[in-house]
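Participant: Here is my input; please provide its structure:
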Amino acid sequence: MPSSRNKIPSLCLNGAMLSDVGLVRALNEDSVLYIPPQQNNSDQNRGGLALVADGMGGHAAGEVASAMAADIISRRYFDLEGSVPDLLTSAFKEANREIFKKSESNPACKGMGTTCTALAFDDSQVWLAHIGDSRAYLLRAGELQQLSEDQTLVARMVQQGELSEEEAENSPMRSVILQALGTRPDIVPIVWKEAMPLLEGDVLLLCSDGLSNMVPNETIADIAGRLPPYEACQALINAALEAGGQDNISLGIFSVAAAAKQIPSGQDNSTRRIKIANLVADATKAQETNGRSAAATRHIVLKQAPNKDG
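Facilitator: The predicted model follows:
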């Protein structure tokens, strides 16, 4: 991917992440995480990190694997020194080692693993790190582009001309994943060596296959392009549920805007400066949503907060 040395600090992100158990699975084995970019201590600032991890392994083991991936990758990324690509590679490999070790030492976790797709943000650019079949998309000027490459058997067969796209969609081997964290001692994650510059108006989307397998790209592009991040996440969750909700559904949507144009929720134009996004987690609301407890959906909402310095 192209890189840019001309960083534009006036760009910033608004975003939200949701994870829903779906209508078929008894347990949500997905994990989502977002650590927003900081706007202080710029010499030490590493930007932000967002990821979606889709666990596998039966019973609670998939949930363990995806949670371990989110925890280890985020800690390693922010604790170590180095370039962004090197940090992402090291973090993914460390997560793989720890998940595999737990899988081998704990009979209840035998065979567990997880996909993981992460975006690292630094000012006006983004890096991708990826393993498995969770996805990252870029919506730019109305066009939806898949940034990640599915590491599945059918995706490889399509690349090699052995299957058509339509045949791959209906293949019984569609769920065969070629790489995942924790399933073998060594993995080779896909990590961008160069950053992709971001533009005002871009929308980035991360999701597990519980969304991408159930909702067409056209619908994803339409909803992500029309609605603010949190409302778009809700609408896409609902679209996946209406299509059958056959898997856990996890996604994050991040819109790129000029900081000077952003007005915090509940604040008027007298707010002079926008500070970092506040993380608000709410997974236990008691009200009913579409006939299901809202606790079925885990919420991570990112809202802009005014600078208290005035």
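Participant: buried stuff in stretch 68-81?
Facilitator: For stretch 68-81, burial by neighbour count (16 or more other CB atoms under 10 Å) applies to 68, 69, 70, 72, 73, 74, 76, 77. Backbone N, C-alpha and C define where each C-beta goes, glycine included.
Participant: Please read the previous query as pertaining to stretch 251-258.
Facilitator: Within stretch 251-258, the residues scored as buried using 16+ other CB under 10 Å are 251, 252, 253, 254, 255, 256, 257.
Participant: Check what pLDDT residue 156 gets.
Facilitator: The model reports residue 156 with a pLDDT of 73.
Participant: and it, what is it in contact with?
Facilitator: By CB atoms under 8 Å, 6 or more residues apart in numbering, the contact set of residue 156 is residue 178.
Participant: Mind doing that once more with 10 Å?
Facilitator: Shown here is residue 156, whose contacts under the criterion CB atoms under 10 Å, 6 or more residues apart in numbering are 149, 150, 162, 163, 168, 176, 178.
Participant: could these go into TSV alongside distance to residue 28, neighbour count and pLDDT?
Facilitator: Formatted as TSV, the contacts of residue 156 follow (distance: CB to CB, whole Å; neighbours: other CB atoms under 10 Å; pLDDT from 0 to 100):
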residue	distance to residue 28	neighbour count	pLDDT
149	25	15	92
150	22	23	93
162	34	12	74
163	31	19	71
168	27	19	68
176	22	13	79
178	24	14	92
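Participant: among the residues you listed, which two are most distant?
Facilitator: 149 and 162 (16.6 Å; CB to CB).
Participant: before we move on, the earlier item: so of the buried residues of stretch 68-81, which ones are in helices?
Facilitator: Among the buried residues of stretch 68-81, the ones falling in helices (DSSP state H) are 68, 69, 70, 72, 73, 74, 76, 77.
Participant: With respect to residue 190, which of those residues is nearest?
Facilitator: residue 73 (14.2 Å).
Participant: returning to that earlier point: mind putting the buried residues of stretch 251-258 into CSV with pLDDT?
Facilitator: What follows is those, written out as CSV (pLDDT from 0 to 100):
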residue, pLDDT
251, 98
252, 98
253, 98
254, 97
255, 96
256, 95
257, 93
